[in-house]
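Student: turn this into a model:
(one chain, ligands or ions: 1)
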Amino acid sequence: MPVLSSSKPYRIGRSRTGLGLFATKPIKKGAKIVRYFGPLLDSKNKKHDAIENKYLFELNGRWTVDGSVRKNIARYINHACKPNAESDVNARKRKVVIRAIKHIEPGEEINYDYGTDYFKAYLKPIGCKCDSCEKKRKKKRAEARAEKLRLKAKAEKKAERKAEKQAKARDKLKGKSLSAKAANGKFINGHAAANPAGKAAAAKSRTPEFKTVATANARSRKVRASASA
Ligand SMILES: [Zn+2]
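Tutor: The predicted model follows:
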C-alpha cells in the first residue's frame, strides 16, 4: 500500500467493497482532493488500445488515462450513485482531478460517479454496493417483508372468517335437526340424542303412546266383541 503524507486530507481504508479512500480532515465543497493520474493511452496506438483494466479513464475519443499504476491514489476511490465528489476532466490539459461536490467530514468515504459505461459494464452485473443502492435494497427488502406480513394477516383473517361461517352453518344445521327431532316428540329438553337423559326422556315419552295404542286395540277388540255379540 502506498505511503501517504499526513498532510493529505485522506487515507486508504477498508470499505464495503474492499479498499476505499476516506477523509481524515474536513474537505470543503469544491476543493480539489486528489489527481487521477497515470500513463496517457492513445487510441490510435494499437498497443495502447489493447490495454484493458478497470482503471482506464477516458478523457475524450482519443486519450485515456491508465490509472492502474500504484502511485495513483485516486484509483482507491470507489463509485457511488450519490457521491460527495466528482471527476473534473480537463481534456485539453489531459488532466483529471477529483473534486468535492459536498462538504466532506473526516471519516467519510470519498466517492464519485464512475459514469454509465462503467456502471453497466462492471457494477450492474454484480449489483452496485454504494450507500444509496444499499439503502434502496434495504428499503425494498423491508417493503417485501411488510407485504408478506400483510398477505399473511389477510390469509389468516380469511381463514378465520371461513371457520366462523362454517361454524354458523353447522349450528344452523344442528338447530334444524334439533327442532325436527323435537317435533317428532323424541326429544324434550333440546339436548342431543346422545345424551342419556334425552334417551330416557324419549323412552318415557314413548310409554304413553304404547298405552294409547294398547287401549285403542283393547277398545277396538271390545267394539268388535260387542259387534259379534
Ligand atoms: Zn449505487
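Student: domain map for this structure?
Tutor: The chain is divided into the following domains under automatic domain parsing: 10-128, 130-186.
Student: TSV for those domains, including mean neighbour count, distance to the ion and mean pLDDT?
Tutor: All C-beta atoms are positioned from the backbone trio N, CA, C, and that covers glycine. Listed next are these as TSV, based on neighbours: other CB atoms under 10 Å; distance: least, CB to the ion, whole Å; pLDDT from 0 to 100:
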stretch	mean neighbour count	distance to the ion	mean pLDDT
domain 10-128	16	3	95
domain 130-186	11	3	88
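Student: nearest residue to the middle of this structure?
Tutor: Ala144 (2.3 Å; CA atoms, centre = their mean).
Student: now the helix or strand hosting that residue, how far from the centre of its chain.
Tutor: Assigned by DSSP states H and E, Ala144 belongs to helix 131-183. Centre-to-centre, helix 131-183 and its host chain are 21 Å apart (CA atoms, centre = their mean, to the nearest Å).
Student: for that helix, packing partners?
Tutor: Under the contact criterion of 3 or more CB pairs under 8 Å, 6 or more residues apart in numbering; DSSP states H and E, helix 131-183 touches no helix or strand at all.
Student: quick one, strands of the protein?
Tutor: With DSSP state E as the criterion, the chain has strands at 10-15, 18-23, 32-36, 40-42, 56-58, 63-66, 78-79, 85-90, 95-100, 109-112.
Student: contacts for the shortest one next, please.
Tutor: Counting contacts by CB atoms under 8 Å, 6 or more residues apart in numbering, the residues outside strand 78-79 that touch it are 15, 17, 20-21, 109, 111-114, 118-119, 123, 128, 130.
Student: cool, the first one as well?
Tutor: Residues from elsewhere that reach strand 10-15, judged by CB under 8 Å, 6+ apart: 1-2, 4, 19-24, 33-34, 73, 76, 78, 109-110.
Student: hmm, back to that, just put the strands of the chain in a markdown table and tack on distance to Lys135.
Tutor: Shown next, in a markdown table, are those (distance: least, CB to CB, whole Å):
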| stretch | distance to Lys135 |
| --- | --- |
| strand 10-15 | 16 |
| strand 18-23 | 17 |
| strand 32-36 | 24 |
| strand 40-42 | 36 |
| strand 56-58 | 27 |
| strand 63-66 | 31 |
| strand 78-79 | 15 |
| strand 85-90 | 19 |
| strand 95-100 | 21 |
| strand 109-112 | 14 |
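Student: and of those, who's closest to His48?
Tutor: For His48, the closest of the strands of the chain is strand 40-42, at 4.0 Å, according to CB to CB.
Student: please state the offset of the closest one from the chain centre?
Tutor: Relative to the centre of its chain, strand 40-42 is centred 47 Å away, using CA atoms, centre = their mean.
Student: before we move on, what about stretch 103-118?
Tutor: The answer for stretch 103-118 is 28 Å, by CA atoms, centre = their mean.
Student: what's the answer for stretch 86-100, then?
Tutor: 41 Å.
Student: and the end-to-end length of that stretch?
Tutor: Stretch 86-100 has an end-to-end distance of 6 Å (CA to CA, to the nearest Å).
Student: now swap in stretch 74-82 and tell me
Tutor: 18 Å.
Student: verify the contact between Ile51 and Pro39 for me.
Tutor: No. Counting by CB atoms under 8 Å, Ile51 stays clear of Pro39, with 9.1 Å between them.
Student: contacting residues for Lys28?
Tutor: 100, 103.
Student: ok, Ile98 next?
Tutor: 32-36, 74, 77, 85-88, 110, 112.
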